[in-house]
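Colleague: sequence-free structure coming up:
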């Protein structure tokens with residue numbers, strides 16, 4: 001079962017040790033108005049261990065969100081996936097740091113890390129630093145990061161179909177974070193969190 005963490009104000013520090021043959025699955029949610037410092041130290045300690053760490057965050061004001069993930073592959077045949085998607089507006093500041101370390105003995109590792117962001121204002125800032133440190137030679141590893149704006153051509157297309165500009169922007173942003181929310185197993189919880197994101201996104205758009 002995927003663990004859902006609604007991140008609160010302040011610090012979240014956690015060490016996660018995953019034994020062989022087991023999986024650690026987590027979704028982190030950061031709503032607007034929350035300034036936080038999230039640090040996860042994830043250790044895949046046995047063969048066949050797996051970790052899926054995902055997150056979605058939206059900042060619309062003066063928030064400062066720091067997320068740091070250290071993923072350690074120590075033994076062979078372990079898999080990890082990190083996917084973080086964020087939206088930053090107002091004068092918010094987001095720092096994402098992610099590092100995957102693959103030990104020399106951790107052959108047949110598969111490790112993937114992505115951090116994608118949308119900027120809603122010129123005052124918002126995002127600094128993203130994905131890193132790989134690989135000491136084994138038989139692995140599949142990748143990392144990527146993007147920072148962009150809402151697609152105005154998509155908005156024009158939706159408006160030509162009778163959708164308001166506000167609804168078009170909401171649809172774009174909900175679709176952007178949907179790949180994270182899809183990993184919430186409980187349907188009622190998933191829909192409740194999506195509705196909360198929808199409400200916050202509309203409030204941010206109206207304040208722009």
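Modeller: Structure's in. What do you need? The structure presented is a predicted model; accordingly, all values stated were derived computationally and were not measured.
Colleague: Then residue 170 would be within a helix, right?
Modeller: Yes: assessed with DSSP: H, G, I helix; E, B strand; the rest coil, residue 170 lies in a helix.
Colleague: Return the residues in contact with it.
Modeller: Counting by Cβ atoms under 8 Å, 6 or more residues apart in numbering, residue 170 makes contact with 198, 201, 202, 205. Where you see a C-beta, it was placed from the backbone N, CA and C, and this is true even at glycine.
Colleague: from the middle of its chain, how far away would the longest helix seen in the chain be?
Modeller: Secondary structure assigned by DSSP state H gives helix 187-207 as the longest helix of the chain. From the chain centre to the centre of helix 187-207 is a distance of 16 Å (Cα atoms, centre = their mean, to the nearest Å).
Colleague: elements contacting it?
Modeller: Judged by 3 or more Cβ pairs under 8 Å, 6 or more residues apart in numbering; DSSP states H and E, the packing partners of helix 187-207 are strand 50-59, helix 165-181.
Colleague: Just name the most buried of these.
Modeller: Neighbour counts (mean count of other Cβ atoms under 10 Å) averaged over each of those peak at strand 50-59, with a mean of 23.
Colleague: pLDDT of the helix or strand just after that one, averaged?
Modeller: Sequence-wise, the next helix or strand downstream of strand 50-59 (DSSP states H and E) is strand 64-73. Strand 64-73 carries an average pLDDT of 97.
Colleague: Just the residues contacting strand 64-73, thanks.
Modeller: Contacts with strand 64-73, where a contact means Cβ under 8 Å, 6+ apart, come from 28, 30, 34-44, 51, 53, 55, 57, 59, 80, 82, 84, 86, 92-103, 106, 109, 111, 113.
Colleague: circling back: list the buried ones in the longest helix of the chain?
Modeller: Buried residues in helix 187-207, counted by 16 or more other Cβ atoms under 10 Å: 190, 193, 194, 197, 200, 201, 204, 205.
Colleague: ok, now which ones touch the second one?
Modeller: Contact criterion Cβ under 8 Å, 6+ apart gives 4, 29, 181, 184 as the residues in contact with residue 193.
Colleague: can you tell me which of these are in helices?
Modeller: Those of the contacts of residue 193 lying in helices (DSSP H): residue 181.
Colleague: roughly how far apart are residue 141 and residue 82?
Modeller: If you measure residue 141 against residue 82 using Cβ to Cβ, to the nearest Å, the figure is 11 Å.
Colleague: Have a look at these two and say which one is more surrounded.
Modeller: residue 82 (23 against 17; other Cβ atoms under 10 Å).
Colleague: Kindly state the beta-bridge partners for that one.
Modeller: Listed by DSSP bridges, the beta-bridge partners for residue 82 are residue 53, residue 113.
Colleague: tell me the contacts of it?
Modeller: Here residue 82 is in contact with 53, 54, 69, 71, 98, 100, 112, 113, 114, 115 (Cβ under 8 Å, 6+ apart).
Colleague: Let's see that with 10 Å instead.
Modeller: 40, 42, 51-55, 69, 71, 96, 98, 100, 111-115, 130, 143 (Cβ atoms under 10 Å, 6 or more residues apart in numbering).
Colleague: picking that back up, please spell out the PyMOL selection for the buried subset of the contacts of strand 64-73.
Modeller: A single PyMOL command selects the buried members of these (16+ other Cβ under 10 Å):
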select buried, resi 28+30+34+35+36+37+38+40+42+43+44+51+53+55+57+59+80+82+84+86+92+93+94+96+97+98+99+100+101+102+103+106+109+111+113
